[in-house]
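Participant: Below are the sequence and a predicted model; questions follow.
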Amino acid sequence: MSSTSLVASAVLLALMSTATLAADVASPAFGEKFNVTDTSVPLDKLTRANFYETLVPLAKAKGSLTFYSYWPPAPLVVYQQQVIPSFEKKYGIKVNFNSVESNVGLPQLDATFKEGKPSPMDAYFSSDLPADLNEIANIRLVDLLPNAADIDPKYARTYRGIAHGGAYVPFHANQTVIAFNSAMVNEAPKTFDELLAYSEQHPGKVAVTSPLRGGSGSGFLTSVARQKMSAECVGKFMDLTSNEAQSKALVNDSPCFAPVWDYFKTLLKTAQITNGNTDTLNLMANGVASIGTAWEDLTFSYIKGKQLPDTIRVTILEGGQTGGAEGAFIAANTDNLAAALLFMDEMLAPEHQAWKLIGFASRSPKTGLDDSLIPADVRKFLLPTKMFAERQISSPNPVMSKVVRDAFAAKVLEN
C-alpha cells in the first residue's frame, strides 16, 4: 500500500472513531460504568437531542448549584459577567460562585469523595485534575453537550497527558510565549539559541519564570527539552504511559536531559529567574527586562489594563512552545448533576466564547471561533494565527512533568 493510501486510511479510521465516540454517549468516558452518585439523570438515555427537555425540569427542581473557578483573570471575568448571569436568567437557577485555587479545591473534593459525602462544588474550572480521576464524573461531556459539538479534537479527550475521554470540558485555550518589548528589542529571537545569545549579549534583560513557580516557566522547560533532546529521547519524554520509575530513569539516569540542563545553566548565568508569571511581567513593565517567558492571554490582560506598555509583543520560538486548553469537570459526588450538566453546556455557548476571545484574548476551544473576531488594532498584541496553529506543542504527562521539575531544581537551581 502506498504512503498516500496509508495516510488516507488513517484519516478514515480517525473519522470513524470520532463518529463512534460521538454516537456512544450512553457509555462512560472512562471506567466500566458511570460513577456519579446522583442517579436522577438517565445517563443511559441522555443525548444532545433530548438534553434540555430532560435536564431543565430536574435542575429547576433543585434551584441552585455551586461552581468553583481558580484565579486566571479572563475566565473569572467571563464566568462572573457573562456565563453566570446568562445561565441564571435563562433557567432561573441560582449559581453560588467561589474563586478557589486548585490546590485548595481539589483536596476538598478528595476529602468528601473519600468520606462518601456530597462534593462542595458541583462543577469546577480547574487548572489540574484530581490525582484520582474517579473523583470526576466520567461522562462523555464533549460528545453530549450541545454546545460542545464543535470542540477542537486536539483538546477534547486529553489534558496535560491525562486521558479523560471527554469528561473534562475545555473552556479557555492558552499558550506559552516569549514576550518582548519591541521598543527595546530590535529583532525578537526566533530560536532557543538566539534567545540564549540575546541574554549573553544583554545580561539581566531576559526574565525566565521558574518552572517551580509558574506555568510559563514549566512550559518553557518542556519546550527546551523537546527542542534540545534527540528524537528518541523526546519520544520517551512524551510517552503518556510513563510511570514514575520510567520517568526517573529517563530524566535522572540517562544522558537525555544533559543538553537541557546545559542550556539552562548557561542561560541563567545572564538571565534572571523569577518567582512567577506576574513577577516576570512586572520586570518587563518596569523596563528591567526586555524579554520574558509568559502566557499570551495574561500578557494581553496586562497590556489592556495598562500594566504593560503597548510596545509589548509575543512570539513562539521555532520548534514550538507548550499550549493547551484548561477546562471544567463535574464532581462525581455532586448531588446536583442536572444543573451541573446545563452549566457546563452554557459555558461553551458561542456568545460567551466570542466575548472572552474579543475582550481578553482567551482563545476558544471551539473550531468555529478564531481571532478574526478581534479588531485589527488589538490583534497586534496576539500571536499570528498561523504561528499559533503551527507551533503549539503538547505537554508530557503529570508524572513526567513533576520528575523533570524536581530534576531542574536539583541539577540547575541547586548547583
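Facilitator: Okay, I see it.

Participant: now for the longest strand along the chain, which elements pack on it?
Facilitator: Across the chain, the longest stretch assigned as strand under DSSP state E is strand 169-181. The helices and strands touching strand 169-181, judged by 3 or more CB pairs under 8 Å, 6 or more residues apart in numbering; DSSP states H and E, are helix 73-78, helix 153-156, helix 215-228, helix 277-285, strand 291-295, helix 296-304, strand 312-315, strand 321-330. C-beta coordinates here come from the backbone N, C-alpha and C atoms, glycine included.

Participant: Apply 7 Å and report the result again.
Facilitator: helix 73-78, helix 215-228, strand 291-295, helix 296-304, strand 312-315, strand 321-330 (3 or more CB pairs under 7 Å, 6 or more residues apart in numbering; DSSP states H and E).

Participant: Give me the residues contacting the shortest one.
Facilitator: Contacts of strand 312-315 with the rest of the structure, by CB atoms under 7 Å, 6 or more residues apart in numbering, involve 177-182, 188, 284, 294, 296, 299, 303, 382-383.

Participant: Mean pLDDT per helix and strand in the protein: which one sits at the bottom?
Facilitator: Taking mean pLDDT, DSSP states H and E as the measure, the helix or strand of the chain with the lowest value is helix 3-23, at a mean of 33.

Participant: burial measure for the nearest residue to Thr334 once chain neighbours are set aside, as a count.
Facilitator: Closest residue to Thr334 apart from its sequence neighbours, by CB to CB, 6 or more residues apart in numbering: Asp122 at 4.4 Å. Residue crowding around Asp122 was assessed by other CB atoms under 10 Å; the count is 29.

Participant: can you give me phi and psi for Asp122?
Facilitator: For Asp122, the backbone dihedrals (degrees, to the nearest 10) come out as phi -80, psi -40.

Participant: what's the closest of the contacts of strand 312-315 to Thr39?
Facilitator: The shortest approach to Thr39 among the contacts of strand 312-315 belongs to Glu296, at 42.0 Å (CB to CB).

Participant: got the contact list for Tyr52?
Facilitator: Per CB under 7 Å, 6+ apart, neighbours of Tyr52: none.

Participant: May I see the buried residues of whichever helix or strand it is part of?
Facilitator: Under the criterion of DSSP states H and E, Tyr52 resides in helix 51-62. Counting neighbours by 16 or more other CB atoms under 10 Å, one finds that the buried residues in helix 51-62 are 51, 54-56, 58-59, 62.

Participant: Of the contacts of strand 312-315, just say which sits nearest to Pro211.
Facilitator: Ala294 (13.8 Å).
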